[in-house]
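Participant: let's see this in three dimensions:
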Amino acid sequence: MVKKSAWMESIAMGAIPKNKHLAILLSLLPQHENKRLELEQYTTPGNLAARWVNEINNASKEGISNFEIIDLGCGNGVLGFGCALMGAKKVTMIDCDSQAIEIAKSGQKVLTEKVNLNTEIKFINSMIGKSEIKIPNDSLIISNPPWGTQRQKADRPILELMFKSNAKEIHIMHTSKITHLIPFANDHGWVAQKMFRTMFILPAIYQHHKQKNSSTEIICWKFTKPTEGEV
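Facilitator: Okay, here's the model as predicted:
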């Protein structure tokens, strides 16, 4: 029997976690130790993921609890699990790395032990852009895609899948230096809203890293399609 703190017991009974408790839970998730440089695999820190998910919930007219969540390029699942803890109807996690999917599955077990996580979670090991992936209508997509620092246009397959979908909302974390994201979204009929700007800590996990840690500025974006009559 896993001993739970009072706030964990409260979440296990159905309470929506406070931001600090959400950050703690997401920081407990197992990490992907064998990250692949060509995939630009950097795990979103628990505190940043918690802030972003809360911002998404607060900015949405419907709230996360009314959405099916699609986490594209899920890694260890930190974003999808954040949405699940906020009461999402269902979460689908998609990643091309089979090891990442297995680590995300182990994260589900961790959260189930801690707070009785009972949201339906589906895991898909599939290469975005090469395999057929169906995005449910009116879902909410969340993604921290490759930023293209190792390979130009590395984010393009994910962006194409998202912006060609019939999702209700799309949420993307990307480097602030990006120039193609907004025009690409606009070309597909989506309108951008800047949610917040902050620094992303990049741990020295790859051989080419010379410093222990570095950081880069990122922006979290929300994309929606104008309703009929809106300009």
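
Participant: quick one: the strands in this protein, in order.
Facilitator: 68-72, 90-95, 120-125, 140-143, 169-175, 191-203, 213-224 (DSSP state E).

Participant: ok, the most centrally placed residue in the chain - contacts?
Facilitator: Nearest to the geometric centre of the chain sits L79, at 3.5 Å (CA atoms, centre = their mean). Under the criterion of CB atoms under 8 Å, 6 or more residues apart in numbering, the contact list for L79 reads T44, A49, W52, V53, D71, I142, S143, N144. C-betas here are computed from N, CA, C, even on glycine.

Participant: in this structure, where is pLDDT below threshold?
Facilitator: 1-3, 33-41, 148-152, 203-213, 228-231 (pLDDT under 70).

Participant: what's the longest helix along the chain packed up against?
Facilitator: What stands out as the longest helix in the chain, according to DSSP state H, is helix 98-115. With contacts defined as 3 or more CB pairs under 8 Å, 6 or more residues apart in numbering; DSSP states H and E, the packing partners of helix 98-115 are helix 6-12, helix 19-27, helix 78-85, strand 90-95, strand 120-125.

Participant: recalculate using a threshold of 7 Å.
Facilitator: Judged by 3 or more CB pairs under 7 Å, 6 or more residues apart in numbering; DSSP states H and E, helix 98-115 is in contact with helix 6-12, helix 19-27, strand 120-125.

Participant: and the angle from the second one to helix 98-115?
Facilitator: Same thing as helix 19-27. Interaxial angle of helix 19-27 relative to helix 98-115 (axes from the mean of the first three to the mean of the last three CA atoms, to 10 degrees): 130 degrees.

Participant: what helices or strands is helix 19-27 leaning on?
Facilitator: Secondary-structure packing of helix 19-27 (3+ CB pairs under 7 Å, 6+ apart): helix 46-59, helix 78-85, helix 98-115.
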